[in-house]
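Here is my input, please return the structure:
(4 chains)
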Protein chains: 2
Amino acid sequence: MRKHNNKKTVVNCTFSRYLIVMTSKSLNSWHEIQDEVLSRIQAGIWKPGTIIPTENDLAREFECSRATVSRALNALSADGLLDRRRKGGTKVNLNPVRKATLPIPVIREEVEGRGCTYRSLVIEKEKRKPSPAIRAQLSLDADCFVMHVKSLHMADNQPYAFEDRWVNLDVVPDFEQADLTKISANEWLLQNSGFSAGDVAFYALNAGQQEAENLGCREGEALFVLERITQVNGKAITFVRLFYRPGHRISTTL
Amino acid sequence: MRKHNNKKTVVNCTFSRYLIVMTSKSLNSWHEIQDEVLSRIQAGIWKPGTIIPTENDLAREFECSRATVSRALNALSADGLLDRRRKGGTKVNLNPVRKATLPIPVIREEVEGRGCTYRSLVIEKEKRKPSPAIRAQLSLDADCFVMHVKSLHMADNQPYAFEDRWVNLDVVPDFEQADLTKISANEWLLQNSGFSAGDVAFYALNAGQQEAENLGCREGEALFVLERITQVNGKAITFVRLFYRPGHRISTTL
DNA sequence: TTCTTTATTATGCGCAAGCATAATAATAAA
DNA sequence: TTTATTATTATGCTTGCGCATAATAAAGAA
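Next up, the predicted model:
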């Protein structure tokens, strides 16, 4: 039992830890307050666009300190549900959910998460000069070398996604020697190039001949494509296009 | 200037607000600490999988209180960059970025954000009994009524996205009278049905006859589709499928 | 040796207090 | 009436303190 909880017990009634819980709105953790506020919003008690009571009022109601209320409201604000500003008070956001958090896949985990056996297959691995398009994407010089890797991610021996990747050998020269039969390029880079940031894009594309062959689908079928540029210390390290097999969907709960 | 900042100035040197900034690592806001920690991770000083110094050590280094360091680290933890546990310490997450935060569009804003003029067009609006598929999606009875609305979102008088929407009239009966020429179904629901939660999915689909006609593309072209079920108080209120014009992509920075 | 008990440690959490700051409202000066 | 000045207010942020808790390590008993 926590100190403040003890204090309350003493102040109010010798056995009243339970009484407090049952007879008042005393909420003593910021998690509980967060949940309570959330459910009031969802129940329509506090409607989108309106201002909810001040931290001090809530602190009084929940019988806790302002700091605790503040922490709960800040968490909801970070999630985009509340809009808080000095003097202005705390508003329920009008368009409460505008953000979806999508898992960016480490494909092996994605496949295994579906209960399938993962296997990856290197189709082609070639050291070459970058094409102009790739040079632009990775902002490279004309006379540097890149690694071009095509591979196939399999789930239970069925094609799951076809990968087309370019790796900047200036930044990760060791990649040339990487044994991609043991570990996928994705995971090799994760383990050998430290922290990464980058841009991701999703779009739909009609399968070309190459994609159709590798994924075992008809040409022209609509494929879900993930494109990603990864940077380390501001230098582009790899550009990937991931063509998922037809029917693939990604989903999330708001 | 803040109190603690004043204090430091006095303690160290009369004019040393700048000296402090330049000669020590004194960081006094949790934002600054967050940025510093982030850049150390990105610079590879603290590598993925390793444990970073304790709150107390960092507080000593940054010359601030443990609470402030804690707040910064908690924020990074909420973003999925750090993994924190009692006694275990604070670890840099191995797969540092597994989440992409995508904006879920209010299409008018999305279009206007591109500098285009938005217009929406109702193609069909019909009160009817739900099809079995829709009944399952919205978990409805067989004898209730739903509104089926097809509409087109235009950007600069070009088709931008084709919308196929089902609305549960049990939950929002007023929707039957909504004037969708003045306000899109999406925004009407946002304004009239309070807080909403739901599921979103993205996938690729070959354009059918209907989609091709409305978007002005060929049948079979790959379309990027967003599917969304919105709930209010746990009751499904609407099911939408949004077919974007060919070439549409959504992107985000990790 | 093995099992149990007892520190130790780093984060988790809450409180009270106080100053900082942005936005607004009230008031005074022009 | 308009403009500048001065409260007022609600959140933002930091501090110092102390207890709670989970995971581990060390010490002791079987």
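
All the helices of chain A, residue numbers only.
A:3-12, A:17-23, A:30-42, A:55-62, A:66-78, A:107-113, A:132-138, A:185-192, A:209-215 (DSSP state H).

Residue B:120 is nearest to which of those helices?
Closest of those to residue B:120 is helix A:30-42, at 27.9 Å (criterion: Cβ to Cβ). Heads up, the C-betas are built off the backbone N, CA and C, glycines and all.

ok, how many other residues are close to residue A:56?
If you count neighbours by other Cβ atoms under 10 Å in any protein chain shown, residue A:56 ends up with 10.

could you list every residue that touches the nearest residue to it once chain neighbours are set aside?
Nearest non-adjacent residue to residue A:56, counting by Cβ to Cβ, 6 or more residues apart in numbering or on different chains: residue A:66, 5.8 Å away. Applying Cβ atoms under 8 Å, 6 or more residues apart in numbering or on different chains, we find residue A:66 in contact with A:55-56, A:59.

Equivalent analysis for residue A:49, please.
Neighbour list for residue A:49: A:91-92, A:94 [criterion: Cβ under 8 Å, 6+ apart].

now residue A:195
If you count contacts by Cβ under 8 Å, 6+ apart, then residue A:195 has A:232, B:41-42, B:44, B:47-48, B:92, B:96 around it.

quick one: which of the residues you listed is nearest to DNA strand C?
Nearest to DNA strand C out of the contacts of residue A:195 is residue B:92 (Cβ to the nearest atom of the strand; 11.9 Å).

for that closest one, which residues make a bridge with it?
Under DSSP bridges, the beta-bridge partners of residue B:92 are residue B:82.

Surely it is in contact with residue B:81?
Yes. Under the criterion of Cβ atoms under 8 Å, residue B:92 makes contact with residue B:81 at 7.1 Å.

And the helices of chain A: which comes nearest residue B:149?
helix A:30-42 (25.2 Å).

wait, does that closest one make contact with DNA strand D?
No. Helix A:30-42 does not reach DNA strand D (Cβ under 7 Å from any atom of the strand); its nearest approach is 11.4 Å.

Report the rounded mean pLDDT for that helix.
Averaging pLDDT along helix A:30-42 gives 91.

near DNA strand C at all, that helix?
Yes. Against DNA strand C, helix A:30-42 shows contacts by Cβ under 7 Å from any atom of the strand at A:30-32.

Excluding chain neighbours, what is closest to residue A:175?
In space, residue A:175 is closest to residue A:167, 5.1 Å off (Cβ to Cβ, 6+ apart).

for residue A:248, same thing?
Counting by Cβ to Cβ, 6+ apart, the residue nearest residue A:248 is residue A:224, at 4.8 Å.

isn't that neighbour right next to residue B:203, touching?
Yes. With contact defined as Cβ under 8 Å, residue A:224 counts as touching residue B:203 (5.6 Å).

Quickly note the distance from the residue lying closest to residue A:58 once chain neighbours are set aside to DNA strand C.
Closest residue to residue A:58 apart from its sequence neighbours, by Cβ to Cβ, 6+ apart: residue A:69 at 4.6 Å. Distance, residue A:69 to DNA strand C, by Cβ to the nearest atom of the strand, to the nearest Å: 8 Å.

re the thing from before, so which of the contacts of residue A:66 is the closest to DNA strand C?
When those are compared against DNA strand C (criterion: Cβ to the nearest atom of the strand), the nearest one is residue A:59, at 7.7 Å.

I'd say the closest one and residue A:72 touch.
No. When contacts are counted by Cβ under 8 Å, residue A:59 is not listed as touching residue A:72 (10.4 Å).
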